[in-house]
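Chemist: Show me the folded form of this:
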Amino acid sequence: MFFYIRLAWRNIMRNKRRTLIAGTAIGIGLAALIFTDALMIGMMDHLIHSGTTSFLGEGQVHGKGFRETLEIETTIAGYNEVVERLKTSPIVESFSPRVIAFSMISSPSNSEGVTMIGIDPKRERDLSGVDDVIVRGGYVSDGERDIVIGSKLAEILEVDIGARVVLTAAQAHTGDLSQELFRVAGIYHLNIAEMDRGMVFIRIDKAQQILGLGSAVHEIAFRFTDTAYGRDDTLPLWSELQEGGNEACGWPTLLPQLSAALQLVDFSLMIVAIILFTLVSFGIVNTLFMSLYERLFEFGVLRAIGTRPRSVFYLVASEAGALSVVSLVLGAILSVIIVAIIGKTGIDYTGIEYAGVTFREKIYPVVTVAQFIKYPLGVFAITTLVGLYPAAYAARLTPARAMRKSF
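Modeler: Sure thing, here's the model as predicted:
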């Protein structure tokens, strides 16, 4: 076998220009596949990170039916027990309780319907990224009448830091309207239109007072020590948190469109791989047949002096393998160069929404060892496989036909 490999390597180097062109073409396809995979991983990681860290969290607990109805009377059952489970769970990094209700916010200039979010400022700071996107003023502080609003909402209300606004909400159980005066302590800009216009943040105890909830809460959002836990429906933690009539779910349930997008990306990558491998196959077959045609007389002489068809078959198949090795080296070098360049500059999709999540930062490709194993192995396997056709054709050539250079 070593003899065939050495002879195949010498044969493909007889026409270095053609080998380099064919190898580069195949290598570009391999590099494109590796880069596409790396970019898709980077894009999905960014979307998951953006979707879960901006406000959502990687998992949430609610009273049963709250996500569908948003009824303020539907609160978490056994709140203290749920908090204790989250505190003692080794896979939960942080959590934050919230009170959520529809309300009306008014300024001297305008009014707007918003979602009022009551938060624990310290716990929320560890969970979501709202405090990191404050563009004017500060975060919700110890002042019970502090309110943080979005940049778009500030434009609609025509208010700035220090301005006074009024929140109006219906109380739980009675439905009586409750109004409270607040001072704008901060303005955030998440670059997510719905949040920048429709969400305001106040202290959780003040929200409970406005709604007449006592110490009850509507939602507990939490973050895992590993993002992968949010996708694992078999975690015992989910069933533990659902005891007493609650609902607990991870981000794939909270953002079903993002979960569907992940599956679509995998399918799209498979289609790209099939197309590239098909083009690679035609390129290899064309190159090998051109080489075979140029050496028909040589194959005729080999067959005339007694060389077995099996030996001719092994020789041409080895040439296909040697060509694939050249292509793999070139493809690996090209992919490293491309990923290194894009890894520094990134691709700016900031502000574009996809699968219900807005890109907040540049996208950077994520390189894994598996990409430089499975795709090169796939190219090598395809190259060797399609090389069997020219090899079988060469093995069936008769000496007279080959020496006349007749296909």
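Chemist: any weak-confidence spans in the stretch 1-150 of the chain?
Modeler: The stretch 1-150 of the chain contains residues with pLDDT under 70 at 1-4.
Chemist: Okay, strands next: where are they in it?
Modeler: Remark: strands assigned in the stretch 1-150 of the chain by DSSP state E, counting those that start in this stretch are 59-63, 92-106, 111-119, 134-137, 146-150.
Chemist: Can you add mean neighbour count and distance to residue 360 and give those strands back as TSV?
Modeler: (C-beta placed from N, C-alpha, C; glycine too.) Output for the strands of the stretch 1-150 of the chain, formatted as TSV (neighbours: other CB atoms under 10 Å; distance: least, CB to CB, whole Å):
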stretch	mean neighbour count	distance to residue 360
strand 59-63	25	21
strand 92-106	20	20
strand 111-119	20	19
strand 134-137	15	13
strand 146-150	25	14
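Chemist: Looking at these, which is nearest to residue 335?
Modeler: Closest to residue 335 of the strands of the stretch 1-150 of the chain is strand 92-106 (CB to CB; 34.3 Å).
Chemist: Any idea what the closest residue to residue 60 other than its chain neighbours is bridged to?
Modeler: Of all residues not flanking residue 60 in the chain, residue 221 sits nearest, at 5.0 Å (CB to CB, 6 or more residues apart in numbering). When bridges are called by DSSP bridges, residue 221 pairs up with residue 60, residue 96.
Chemist: number of nearby residues for residue 221?
Modeler: By other CB atoms under 10 Å, 24 other residues sit near residue 221.
Chemist: what residues are up against it?
Modeler: Residues near residue 221 by CB atoms under 8 Å, 6 or more residues apart in numbering: 55-57, 59-60, 95-96, 98, 127-128.
Chemist: Report the buried residues of stretch 292-312.
Modeler: 292, 295-296, 299-300, 302-303, 312 (16 or more other CB atoms under 10 Å).
Chemist: Just send those residues back as TSV, with pLDDT too.
Modeler: Converted to TSV, the buried residues of stretch 292-312 look like this (pLDDT from 0 to 100):
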residue	pLDDT
292	81
295	80
296	80
299	80
300	81
302	79
303	80
312	85
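Chemist: Show only the entries of these found in helices.
Modeler: Among these, the members found in helices (DSSP state H) are 292, 296, 299-300, 302-303, 312.
Chemist: and of the residues you listed, the nearest to residue 39?
Modeler: Using CB to CB, these come closest to residue 39 at residue 292, 38.0 Å.
Chemist: what's the span of stretch 296-314 from first residue to last?
Modeler: In stretch 296-314, first residue to last residue: 16 Å (CA to CA, to the nearest Å).
Chemist: Next: stretch 151-168.
Modeler: Per CA to CA, the first residue of stretch 151-168 is 20 Å away from its last.
Chemist: buried residues in it?
Modeler: Neighbour-count burial for stretch 151-168 flags 151-154, 156-157, 159, 163, 165, 167 (criterion: 16+ other CB under 10 Å).
Chemist: could you pull out the helices for the stretch 301-407 of the chain?
Modeler: 309-345, 371-386, 388-395, 399-403 (DSSP state H, counting those that start in this stretch).
Chemist: Just want the angle from the first one to helix 296-304.
Modeler: Okay, so that is helix 309-345. Angle, helix 309-345 to helix 296-304, by axes from the mean of the first three to the mean of the last three CA atoms, to 10 degrees: 140 degrees.
Chemist: likewise the second one?
Modeler: Using the same axes, to 10 degrees, the direction of helix 371-386 lies 70 degrees away from that of helix 296-304.
Chemist: which other residues reach helix 371-386?
Modeler: 26, 29-30, 33-34, 37-38, 273, 277, 280-281, 284-285, 317, 320-321, 323-325, 327-328, 331-332, 335.
Chemist: surely residue 364 meets residue 346?
Modeler: Yes - assessed by CB atoms under 8 Å, residue 364 is found in contact with residue 346 at 5.0 Å.
Chemist: what residue is smack in the middle of this protein?
Modeler: Nearest to the mean C-alpha position of the chain, counting by CA atoms, centre = their mean, stands residue 44 at 0.8 Å.
Chemist: show me the contacts for that one.
Modeler: Applying CB under 8 Å, 6+ apart to residue 44 gives the contacts 261-262, 265.
Chemist: again, but for residue 161
Modeler: 136-137, 184-187.
Chemist: at 6 Å instead, please
Modeler: 136-137, 184 (CB atoms under 6 Å, 6 or more residues apart in numbering).
Chemist: Could you do residue 319 as well?
Modeler: Listed by CB under 6 Å, 6+ apart, the contact partners of residue 319 are 8, 11-12.
Chemist: how near is it to residue 290?
Modeler: 12 Å (CB to CB, to the nearest Å).
Chemist: swap in residue 29?
Modeler: Remark: distance between residue 29 and residue 290 (CB to CB) = 19 Å.
Chemist: Now residue 46: closest residue in space that isn't a chain neighbour?
Modeler: The spatially closest residue to residue 46, leaving aside those adjacent along the chain, is residue 363, at 5.5 Å (CB to CB, 6+ apart).
Chemist: quick one: residue 75 and residue 64 touch, right?
Modeler: No - counting by CB atoms under 6 Å, residue 75 sits too far from residue 64 to count as a contact (10.4 Å).
Chemist: Neighbour count: those two, which is higher?
Modeler: Between residue 75 and residue 64, counted using other CB under 10 Å, the more crowded position is residue 75 (22 against 14).
Chemist: need the contact list for the more buried one.
Modeler: For residue 75, the contact set (CB under 6 Å, 6+ apart) comprises 63, 216, 218.
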